[in-house]
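>>> Requesting a structural model of the entry that follows:
(2 chains, ligands or ions: 4)
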Amino acid sequence: MSNYPTYLLDRAKITDAHTLAVAQKHGAYEALRKVLKEGISYAEVIRVVKDSGLRGRGGAGFSTGMKWSFMPDPVTDPRPRYLAINADESEPGTCKDRVLMEQDPHGFLEGCLLSAYAIRAKVIYIYVRGEYRAPYNRVLAAIAQARAAGLIGKKILGSDFDCEVWMHKGAGAYICGEETGLMESLEGKRGHPRPKPPFPAAFGLWGQPTTVNNVETVFNAPFIVLRGAEWFKSMGTKTSTGNLLVGVSGHVNRPGVYELPFGVSCREILEDVCGGVWKQRKLKGFLPGGSSTGVLTAAFIDTPMEHDAIKQTGSMLGTAAMIVMDETACMVRAHEIIARFYEHESCGQCSQCREGTQWLHQIFHRIEHGKGRMEDIDMLVTLSRGMAPAKTICALSDAAAIPTLAAVQHFRGEFEDHVKQACCPFLPAGTKRPVFAGAH
Amino acid sequence: MTKIIINGREVEADPKEPLIHACHQNGANVPMYCYHPGLSPVGSCRICQVEVKQGNGPARVVVACRTPVVEGMVVDTEAPKAHETRRECLEFLLKNHPLDCPICDKAGECDLQDYAFAEGQGEGRSNEPRRKLDKRKSLGDVIVLDEERCILCSRCVRFTEEITKKPQLAVVDLGSRSTISTFMDRPLQGNYQGNLADVCPVGALTLKAFRFQARVWNLKKSLSTCGECSRGCAITVEVLRRKDVKRFRPRYEPKVNNWWMCDTGRFSSERHNATERLVPAARRGSQGLEIASVERALKQAAEFLSGAVACIGSPFMTIEEAQSFAKLCSQLGAKPAFVSPAPSGLKDDLLNTGDPCPNRRGLLELGFEALSPAASRARIAAAPAALLAGERVLELCERAQLAAIRGPRIATFDTHALEGDACDVAVGIPEQVEKSGHWVNIDGHVGKLTVARAAPAGVQALTRSLDELRALLTSSGVASR
Ligand SMILES: Cc1cc2nc3c(=O)[nH]c(=O)nc-3n(C[C@H](O)[C@H](O)[C@H](O)COP(=O)(O)O)c2cc1C
Ligand code: SF4
Ligand code: SF4
Ligand code: FES
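Ligands and ions are numbered 1, 2, ... in the order given. So this is what the prediction gives:
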C-alpha cells in the first residue's frame, strides 16, 4: 500500500486518544488556541477554509468556506445563530463519522468549535444517529472534559468567544440526516424536510441562521487553520482537495475505513488498500459512494475517487462509501434491497417519493422473485425519471431513483435474464430467496 | 404589487402571496393538493409545477405554491416540461388511490378526479396491489376517514393547527405507510370539524351526515348566508331535486368567514327539511286551526289588529322584511321590536359570536327594539292584539309559554303553526333558503340570501303579506302615522 500523507486518523490510532490529556498531547485544540490567542478573525478562518477548497463530506460536496460565507453578517442581522453537526450517518455503506467520534472525539469537538467560531455561532447541536451509542458516549464524555478545561462554555481559553455544545440522539430515521429534516427533528417535530428556499443560512433552526455540517467536514477545519490552505491543496486533486475517509464494504478481503487523498483510483482502493475482491472472485460492480450513488461496472474500476471523475461516469462520489460486489452478486437483488431501504425511509411528504419508492421496490421485488415482465424494466426507468432530478422537497427521492437508473443502464441483461427465466439466475437451482418482512 | 408575466400576459401579483395565487387570479389552471389559500404552504404534494424564468437564468420547473413572486419573473404554466412533471406526479398520486369514485361522496368535486380527468392517462401502468387500509375510520361524530383515499396533503393537519389552533390530527408513521390519525385515536372535538371535509381535496374526510346522500352534480347551489349567529358566514346552499337541502357549505368571504364555518351553522341545513309547513295560511275556527287562503287570513287579521298592538318580529327577518314590518308598525302606531333570545353559549375565538340573531345589527339600525323572550311575551300579554312576524318567531318567543297567554288576539307570520299555538290567524312564509334579501352582520357586513329552493306553492313572501295587510288596514281606516 502506497504511502500517502495522513492527518485525519493519525490521532485516532493512538491509545486513549479519546481522553483530553492524550488528545492534547497529540495536538488537539492547538488550532483553536492559535485562533483565539492570536485573535485570528472569523473572516480569516472562512477565507483560509474557502482557499483550501474543502468540500462537504456529507454527500453533496459543497464548498464549506462558501457555505459558511452565506451566514448573514451579525452586524446587520443580530439574530442568534447555530451550528448543527450532522452525525446522523445513516447512508447504507457509510461509517466514517463514527470512527472520528469514537476514536478522536476531541479532534471532532475542536472542529465543531472552530466552525462555530467561523460562523459566529454560540451554540452547537450535534445530531447523532440513535444507534451510535459508543460515539455518543465518547463525545458526551469529551464535552464534559473540554468544558471542565475551559474549552467549551463562556470565555473559551480566556478569549471573548462563548460557545455551548449540546448533543441530540436521533430515533433511527435516515431522513433526519437530511439537513432540514435534521433541523425539524432537533426542534422536536417529525423529521420532515423543509422546502428550500428559504435556506438554513437565512431560516434554519427555530427560524434563525444555521449552518449544517458533516462530522468529517468540520474535522478538517483545525488542520487547515493550523497548516494552511496550500498544505491542504497539496493533497488530492485540483477540485477535490485534502484527504477523505473512504469506507469500503462488500466482497473485499479487508473492508474498513481508510484515509486516502482524493484522486486515488478505485482500483488502488480495492486491490492495494483492501486486498482485492474476496475468495479470488472477479469484480462485477461497485457503488462508489454509498447506496444513493449509481452502480458502476468493473470497467470503471480505474476511475479516480474524486468528485469530477466519478461524476463523469454518471455516478457520484457521495460519502465515498464504496460497496463492492463480486461476480456472484445479483444486481437485481442488490437493488431490491436498496429500493426497500428507500421505501422504508421516505418521509412520505412528496407524492413522487412516497409512492415512487414503494413502486420501485415492488417492481424490483417482482423481477427478483420471477414475476417480472419485460415492460417492468422500462417502467423502472420512467418511474425514476418522474422522481428525479430535483422534483421533490429533498434528495431522498433522487437517492432512490439514481441507483435504479444506473442498475438498469449497466446491468439490463441481468434484469432481462430474470424475466426470461422467471427466477433469479444467481440462485442455485431449487433454492428460494428469503422474503423480508414488509416486502410485497 | 409586483409585475410578472403569466402565460405571456403582464399581470400584477401580490408579493405576499405565493406564485400559485397569482396564477389562479389570472385564470391559469394550476392544480393543487397540499396548497390551500387559507393554510400555510408546505409544497409537499408537488403537483403545482410550473415553468419559471428569472432574468437571464434558465427556465426552471418549480412548485408554484412555494415560489415567491419576483418582479419581471416569466411564468409559463403550460410549458411542456411543467405538464410532464405534473403528469408524472399525478401518476404517483394515483398509484395507490382506490379509484372508488363511483361510491365516493367527493366524486364530482374532487381535485384529484378533476385533474386525473383533465390530464391523466386513460389506463394506469401499475401492476402492483394497492395499499389496503381502513376505509371507514370514524374520527368522531362528524367526520369519517377513508385512509385509502387520503393523498397525505396534510391540509387537515394544518387546519387544526393553524385555524382552530387546537392540533388534533397528525400524519403518523413514515413514507408509504403514513396515515392520518387523531392523537391516540381520540374522537375529534370542537365546532369546526365539518371544515375538514371541505379542505380535504379528495374523498378521504367526508361528513357522516352527507355520506351517500347525493351525487354532488345533482345539487343545485345558491349563494346565501348562514343564520345561526350574528357572524352570518357566507355560504352556499345545496339542494337536491328542488326539495332537500343537503348541505350548507362555507363560501369564501374575506370580510366575514374566509373559507370556514362552524358546525352549528353547517348542520342547521337539516332544519330546512322539516315536513311541517303552514301552506298557505290558517285561521282559528270552531274546529281549531283551519286552512285558509292568505287573502282571507289577512282580512281577518286586519279586523282585529287595532289599538295598542304588540308587534314582535323575528331576528331572522331580512332588511327588506323588516322594512315592511316597520311600516306596518308605524301604521298601527306600534314600536317595532324583535325577540332576542339569550346567547347560545357557542361563542368562540374563530367565527361564532354566540348571538343567535343573524340580523340583529340590521334591525337595530332600522330602529327596532330588542326584547328578551320574556319581555316579548309580557308585551304581547299586555296588549289587546299582537302581530308576530318572521321565521321562527313563535319558537323564539318560547312556544309553550306563549300559548299560555290568554287575552290578546294574535296574528302570526311564521313557517308553520301548531294547533296549540297562540294564534287566531297564521300566515305561512318562506324559509331562509326560500327567499332573497339581506342581513347585516355583527361588523356591519351585508350578507345576501338568494332563493335556493322555491317556497311551497301558495306561500307568499313575507314582505308581500305584510304590505297587503297594511293596505287592508289603510282601507279599513287605520290611519298611517
Ligand atoms: C436523505 C438524505 C440523508 C442524508 N443523510 C446525511 C447524513 O446522515 N449525514 C450527513 O452528514 N449528511 C447527510 N445528508 C446530507 C445533508 O443534507 C447535508 O448536505 C450535509 O449534512 C451538509 O454537510 P456538509 O456540507 O458538511 O457535507 C443527507 C442528505 C439526504 C438528502
Ligand atoms: S423527497 Fe422523500 S424524503 Fe424527501 S421530503 Fe420528499 S417525501 Fe420526504
Ligand atoms: S385526509 Fe384529506 S386533507 Fe387530510 S391529508 Fe388526507 S387527503 Fe389531505
Ligand atoms: S400544491 Fe404546490 S406542492 Fe402541493
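
>>> how much space between residue A:369 and residue B:186?
Residue A:369 is 41 Å from residue B:186, where distance means C-beta to C-beta, to the nearest Å. Heads up, the C-betas are built off the backbone N, CA and C, glycines and all.

>>> typo on my end, residue A:82
The gap separating residue A:82 from residue B:186 is 36 Å, by C-beta to C-beta.

>>> circling back: which of residue A:369 and residue B:186 has more neighbours?
Neighbour tally, residue A:369 and residue B:186, criterion other C-beta atoms under 10 Å in any protein chain shown: the higher count belongs to residue A:369, 19 against 11.

>>> so the more buried one makes contact with residue A:424?
Yes. Using C-beta atoms under 8 Å, residue A:369 is in contact with residue A:424, at 7.5 Å.

>>> low-confidence ranges in the chain?
Just so you know, I chose chain A. Scanning chain A for pLDDT under 70 picks out the ranges A:1-2, A:433-440.

>>> nope, chain B please
Applying pLDDT under 70 to chain B flags the ranges B:478-481.

>>> Work out which residue lies at the spatial centre of it.
Per C-alpha atoms, centre = their mean, the C-alpha nearest to the average position across chain B is that of residue B:235, at 3.0 Å.

>>> for the nearest residue to residue B:436 once chain neighbours are set aside, phi and psi?
In space, and not counting its chain neighbours, residue B:436 is closest to residue B:450: 5.0 Å by C-beta to C-beta, 6 or more residues apart in numbering or on different chains. According to degrees, to the nearest 10, the main-chain angles of residue B:450 amount to phi -130, psi 170.

>>> Relative to ligand 1, how far out is residue B:450?
53 Å (C-beta to the nearest ligand atom, to the nearest Å).

>>> what does residue A:16 give?
Distance from residue A:16 to ligand 1, by C-beta to the nearest ligand atom: 27 Å.

>>> same question, residue A:210
Relative to ligand 1, residue A:210 is positioned 11 Å away (C-beta to the nearest ligand atom).

>>> Residue A:298 now?
Relative to ligand 1, and taking C-beta to the nearest ligand atom, residue A:298 is found at 28 Å.

>>> Then residue B:98?
Taken as C-beta to the nearest ligand atom, the span from residue B:98 to ligand 1 is 29 Å.

>>> Using the record, which stretches count as separate domains in the chain?
As the question left the chain open, I've gone with chain A. With domains defined by automatic domain parsing, chain A comprises A:11-233, A:243-326, A:331-421.

>>> That was the other one, I meant chain B.
B:2-94, B:281-437+B:456-475.

>>> residue in the stretch 1-150 of chain B nearest to ligand 1?
As assessed by C-beta to the nearest ligand atom, ligand 1 sits closest to residue B:44 within the stretch 1-150 of chain B, at 15.3 Å.

>>> for the stretch 301-450 of chain B, same thing?
Taking C-beta to the nearest ligand atom, the stretch 301-450 of chain B has residue B:350 as its residue nearest ligand 1, at 38.3 Å.

>>> Also the stretch 151-300 of chain A?
The minimum distance from the stretch 151-300 of chain A to ligand 1, using C-beta to the nearest ligand atom, falls at residue A:177 (2.4 Å).

>>> burial measure for that residue, as a count.
26.

>>> for the one 4 residues further on, same thing?
The local packing count at residue A:181 equals 27, with neighbours defined by other C-beta under 10 Å.

>>> I figured it was touching residue A:191, is that so?
Yes. In this structure, residue A:181 is within contact of residue A:191 by C-beta under 8 Å, at 4.1 Å.

>>> anything in contact with each of those two?
Common neighbours of residue A:181 and residue A:191 are listed as A:173, A:175, A:347 (criterion: C-beta atoms under 8 Å, 6 or more residues apart in numbering or on different chains).

>>> secondary structure element for the nearest residue to residue A:310 once chain neighbours are set aside?
Counting by C-beta to C-beta, 6+ apart, residue A:310 lies nearest to residue A:317, which is 4.7 Å off, once chain neighbours are set aside. Using DSSP states H and E, residue A:317 maps to neither a helix nor a strand.

>>> For residue A:317, which residues are in contact?
Going by C-beta under 8 Å, 6+ apart, residue A:317 touches A:61, A:240, A:288, A:289, A:293, A:305, A:306, A:307, A:310, A:311.

>>> Same check on residue A:358?
Residue A:358 is in contact with A:343, A:346, B:95, B:96, B:175, B:176, counting by C-beta under 8 Å, 6+ apart.

>>> Going by distance to residue B:356, which of those residues wins?
Nearest to residue B:356 among the contacts of residue A:358: residue B:96, at 45.6 Å, using C-beta to C-beta.

>>> Assess the claim that that closest one and residue B:131 are in contact.
Yes. Residue B:96 is within contact range of residue B:131, at 4.3 Å (criterion: C-beta under 8 Å).

>>> Neighbour count: those two, which is higher?
Shown here are residue B:96 and residue B:131; by other C-beta under 10 Å, residue B:96 has more neighbours (23 against 18).

>>> Any chance of the backbone angles for the more buried one?
Main-chain torsions, residue B:96, degrees, to the nearest 10: phi -110, psi 0.

>>> Would you agree residue B:231 is in contact with residue B:356?
No. The pair residue B:231 / residue B:356 is not scored as a contact, 11.0 Å apart, by C-beta under 8 Å.

>>> got the CA positions of the helix or strand where residue B:377 lies in CSV?
Using DSSP H and E, residue B:377 maps to helix B:373-382. The C-alpha trace of helix B:373-382 is given here as CSV (Å, rounded to 0.1, in the frame of the first residue of the first chain):
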residue,chain,number,x,y,z
PRO,B,373,-88.4,36.2,25.0
ALA,B,374,-89.9,37.0,28.4
ALA,B,375,-90.2,40.7,27.6
SER,B,376,-91.7,39.9,24.3
ARG,B,377,-94.3,37.8,25.9
ALA,B,378,-95.1,40.4,28.5
ARG,B,379,-95.7,43.0,25.8
ILE,B,380,-98.0,40.6,24.0
ALA,B,381,-99.9,39.7,27.1
ALA,B,382,-100.5,43.4,27.9
